[in-house]
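# the following comprises the amino acid sequence and a computationally predicted model.
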Amino acid sequence: MKHPKIGIRPTIDGRQGGVRESLEDKTMALAHAVSNLISKNLYYRDGTPVECIIADGTIGRVAESAACADKFEHVGVGGTITVTSCWCYGSETIDMNPYWPKAVWGFNGTERPGAVYLACALAAYAQKGLPAYGIYGHNVQDLDDNTIPTDVAEKILRFAKAAVAVAEMRGESYLSIGSVTMGIAGSMVDNDFFQTYLGMRNENVDEVEILRRMDEGIYDHDEYKKAMTWVEKYCKPNEGWDKNRPEKTKTREQKEADWDFIVKMTLIVKDLMHGNPKLLDMGFKEESLGHNALAAGFQGQRQWTDWKPNGDFTEAILNTSFDWNGLREAYPFATENDSLNCTAMLLAHLITNQAQIFSDVRTYWSPKAVKRVTGKELTGIAANGIIHLINSGATTLDGTGQSSDANGNPVMKKFWEMTDDDVKGCLKATSWMPADRDYFRGGGFSSHFLTRGEMPATMMRVNIIKGLGPVLQIAEGWIVNIDPEIHQILDKRTDPTWPTTWFTPRLDPAKDAFKDVYSVMNNWGANHGAITYGHIGADMITLASMLRIPVCLHNVKESDIFRPAAWNAFGMDKEGQDYRACANYGPIYK
């Protein structure tokens, strides 16, 4: 796993003979303060702290800029933050690498004009077509104050986590296993989008490769035994009721064969994504390599699921922060090969390092409709209405909401923060229902649970619009608890063998799409959504602006929006700015 670093560039007034010398300590102190802030608060996907690299010395002239750039190229920098408390020579001291997201922090002090350099540098970046994020604290600091104010720290961290995410995607793959699912547009994988906007390549494998590896024994047989022991202990005891008509109900022997099949399938899909050195030991050099996939999707319906056990177990386990090998990173993996919903999952995963919920954005339930159908009223956060998020059989087990914080509140954690009790809680809350054979003729098992509320959550989706390109939708809100009787009645109207999450967005009367819950549902751009724990809309807006993806729907406070300074030159309306700037600059890798 690569660890892209944040490069810290301490810039300084180049006039030697008194001016520069008086500023050296201050400038380097700010650089170290930024480095410490980032490394103490941000983490890579494997849980190690994000690493910062500081230039070997302060940067006052272009030769020192070039030396810094050369060093950063060799140590794997993925984004840069320029820091200064004073005037510096603008175009001589800025970072010119077109692929590194860049920010500038101009110290707000009266003794030296850090703000003047900030404005100068941002103007140079804008004129050269290199969008940069400007960071300037609200309050004046004394010259000997090297602390980072809260508002400055928030922007530094928001920028850095997005910059790391951009770099983590570069050079990785999205793996399509199969092709288009039942005419779903998101599974019509757009190679140009992945290449030019995300810096990723597309890999494609026919579903028959799973069967070949299964028939020829191309998987880790020791891991298979370990996985089956785990399944026997934690999954089979939670096998749920069979909803199928007698003529479609599988025998016990057939169900055991399905368990065997789906466990092998999970091992094989994981190997397809990441490779497996054990296969090399077995003599399968080519298969051991994998496809360098940071994310993937499985077509499933219908050619596969009309014939073979479905991919629900595989999808659920891969998207989960643990398996039979213990705690590990969740792998963004799309049901129905919806690559655009998987993109939203991937972006949120890189921002949060958490597992993501994949769901159908299935039904809007108004308070009136709930009252009519159940005789009961929605209350609390859910009082204005709810959206039924439900996947056709597969959702991350983290989505049970059975992990708890120190106060017992439901959360979804980074995998390295999970406890044994969290894991056992997620497993206990998940039933494995024999697949509905009207939908999945080949059988299999679907994960089933009800997500525990109340949790802050953000629902997202990437869509591609012909003539416009990709856009991002964001809706912050909450995963909610509702009356158990209401849940039972509403759940049975859809498919009670699938996992359910009840979601309500945060409303904003000033925004037409968020004036009520119905409007959010009515403005959603596709049939799927990616849901993450926490309110991360502001982080996603910053990341989207780095990728030049405009945000077409969001309920984030305007004061929390952090985009490149050059966006301000594209008009006075924030959302119009975003569209015009993204169109002007185009994707990073065009």
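Received it, and whenever you're ready, just let me know what you need. Keep in mind the model is a prediction, meaning the values are calculated, not measured.

# how far does the helix or strand that contains residue 266 sit from its chain's centre?
Applying DSSP states H and E as the criterion places residue 266 in helix 252-274. Relative to the centre of its chain, helix 252-274 is centred 26 Å away, using C-alpha atoms, centre = their mean, to the nearest Å.

# can you check stretch 311-319 too?
That offset, for stretch 311-319, works out to 17 Å (C-alpha atoms, centre = their mean).

# how about that stretch: buried residues?
311-319 (16 or more other C-beta atoms under 10 Å). (Glycine included, C-beta is placed from N, CA and C.)

# helices along the stretch 301-450 of the chain, start to end?
312-318, 339-352, 367-374, 420-429 (DSSP state H, counting those that start in this stretch).

# redo those helices as JSON lines? Include distance to residue 476 and mean pLDDT.
Below are those laid out as JSON lines (distance: least, C-beta to C-beta, whole Å; pLDDT from 0 to 100):
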{"stretch": "helix 312-318", "distance to residue 476": "25", "mean pLDDT": "97"}
{"stretch": "helix 339-352", "distance to residue 476": "12", "mean pLDDT": "98"}
{"stretch": "helix 367-374", "distance to residue 476": "21", "mean pLDDT": "97"}
{"stretch": "helix 420-429", "distance to residue 476": "24", "mean pLDDT": "98"}
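
# so which of the ones you listed comes closest to residue 46?
Among the helices of the stretch 301-450 of the chain, helix 339-352 comes nearest to residue 46, with 12.4 Å by C-beta to C-beta.

# I'd like to know which elements that closest one is packed against.
Judged by 3 or more C-beta pairs under 8 Å, 6 or more residues apart in numbering; DSSP states H and E, helix 339-352 is in contact with helix 150-169, strand 173-177, strand 293-298, strand 333-335, strand 357-365, strand 455-465, strand 528-533, helix 537-547.

# switch to 6 Å and redo it
Under the contact definition 3 or more C-beta pairs under 6 Å, 6 or more residues apart in numbering; DSSP states H and E, helix 339-352 sits against helix 150-169, strand 293-298, strand 455-465, strand 528-533.

# which of those is buried the deepest?
strand 293-298 (a mean of 27; mean count of other C-beta atoms under 10 Å).

# alpha carbons of that strand, in PDB - could you do that?
Extracted in PDB, the C-alpha atoms of strand 293-298 (Å, rounded to 0.1, in the frame of the first residue of the first chain):
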ATOM      1  CA  ALA A 293      -7.900  -2.900  -7.700                       C
ATOM      2  CA  LEU A 294      -8.600  -0.200  -5.200                       C
ATOM      3  CA  ALA A 295     -12.300  -0.800  -5.800                       C
ATOM      4  CA  ALA A 296     -14.400  -3.300  -7.800                       C
ATOM      5  CA  GLY A 297     -17.900  -4.300  -8.700                       C
ATOM      6  CA  PHE A 298     -19.700  -7.600  -9.500                       C
END
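
# strand partners of it, parallel vs antiparallel please.
strand 173-177 (parallel), strand 333-335 (parallel) (DSSP bridges).

# let me know which of the ones you listed is the nearest to residue 545.
Comparison of these against residue 545 by C-beta to C-beta identifies strand 173-177 as nearest, at 21.7 Å.

# tell me the first helix or strand C-terminal of the helix holding residue 266.
With DSSP H and E, the next secondary element past helix 252-274 is helix 277-281.

# how far does that next one sit from the chain's center?
On C-alpha atoms, centre = their mean, the centre of helix 277-281 falls 30 Å from that of its chain.

# just stretch 149-162 next, same as before
18 Å.

# adjust the sequence numbering to begin at 32 for everything that follows.
New numbering, starting at 32: the last item is stretch 180-193.

# deepest in the core, which of the strands paired with strand 324-329 is it.
Across the strands paired with strand 324-329, averaging neighbours per residue (mean count of other C-beta under 10 Å) puts strand 364-366 on top, at a mean of 31.

# list the contacts of that strand.
Contact with strand 364-366 is made by 327-328, 346, 349-350, 372-373, 389, 422, 425, as judged by C-beta atoms under 6 Å, 6 or more residues apart in numbering.

# go ahead and list the helix or strand containing the nearest residue in space to residue 299 that is not next to it in sequence.
Leaving out its chain neighbours, the residue that sits closest to residue 299 by C-beta to C-beta, 6 or more residues apart in numbering is residue 244, at 4.8 Å. According to DSSP H and E, residue 244 maps onto helix 239-246.

# pretty sure residue 596 contacts residue 153?
Yes: under the criterion of C-beta atoms under 6 Å, residue 596 makes contact with residue 153 at 4.5 Å.

# give the residues shared as contacts by those two.
Common neighbours of residue 596 and residue 153 (C-beta under 6 Å, 6+ apart) are residue 165.

# between those two, point out the one with more neighbours.
residue 153 (24 against 21; other C-beta atoms under 10 Å).

# roughly how far does the more buried one sit from residue 125?
9 Å (C-beta to C-beta, to the nearest Å).

# next one: the residue sitting nearest the centre point of the chain from residue 562, what distance?
When the chain is reduced to its mean C-alpha position, the nearest residue by C-alpha atoms, centre = their mean turns out to be residue 379, at 1.8 Å. Going from residue 379 to residue 562 by C-beta to C-beta gives 8 Å.

# and what of residue 62?
Relative to residue 562, and taking C-beta to C-beta, residue 62 is found at 38 Å.

# contacts for stretch 45-56 next, please.
43-44, 89, 91-92, 117, 120.

# same check on stretch 408-416?
397-398, 401-402, 509, 511, 513, 535, 548.

# nearest to residue 287, of those residues?
residue 513 (36.4 Å).

# any idea how many residues pack against the closest one?
With other C-beta under 10 Å as criterion, residue 513 counts 22.

# contact partners for it?
Contacts of residue 513 by C-beta under 6 Å, 6+ apart are 413, 533.

# can you give me the buried ones in the helix holding residue 244?
240-242, 244-245.

# nearest to residue 587 among the residues you listed?
residue 241 (40.7 Å).

# the closest one contacts residue 299, doesn't it?
Yes: contact status for residue 241 versus residue 299: in contact at 5.3 Å, counting by C-beta under 6 Å.

# ok, now how distant is residue 614 from residue 198?
From residue 614 to residue 198 the distance is 24 Å (C-beta to C-beta).

# oh, that last question was meant for residue 425, not what I typed.
In terms of C-beta to C-beta, residue 425 sits 30 Å off from residue 198.

# ok, residue 282 next?
From residue 282 to residue 198 the distance is 52 Å (C-beta to C-beta).

# could you do residue 325 as well?
Residue 325 is 12 Å from residue 198, by C-beta to C-beta.

# how about residue 469?
In terms of C-beta to C-beta, residue 469 sits 45 Å off from residue 198.

# same question, residue 175
35 Å.

# what's the answer for residue 87, then?
From residue 87 across to residue 198, the span is 21 Å (C-beta to C-beta).

# just residue 385 next, same as before
19 Å.

# same deal with residue 368?
Taken as C-beta to C-beta, the span from residue 368 to residue 198 is 26 Å.

# cool, and residue 55?
Separation of residue 55 from residue 198 (C-beta to C-beta): 30 Å.

# and residue 208, by the same measure?
26 Å.

# with residue 329 instead?
27 Å.

# with residue 177 instead?
Distance, residue 177 to residue 198, using C-beta to C-beta: 28 Å.

# what does residue 533 give?
Distance from residue 533 to residue 198, by C-beta to C-beta: 36 Å.
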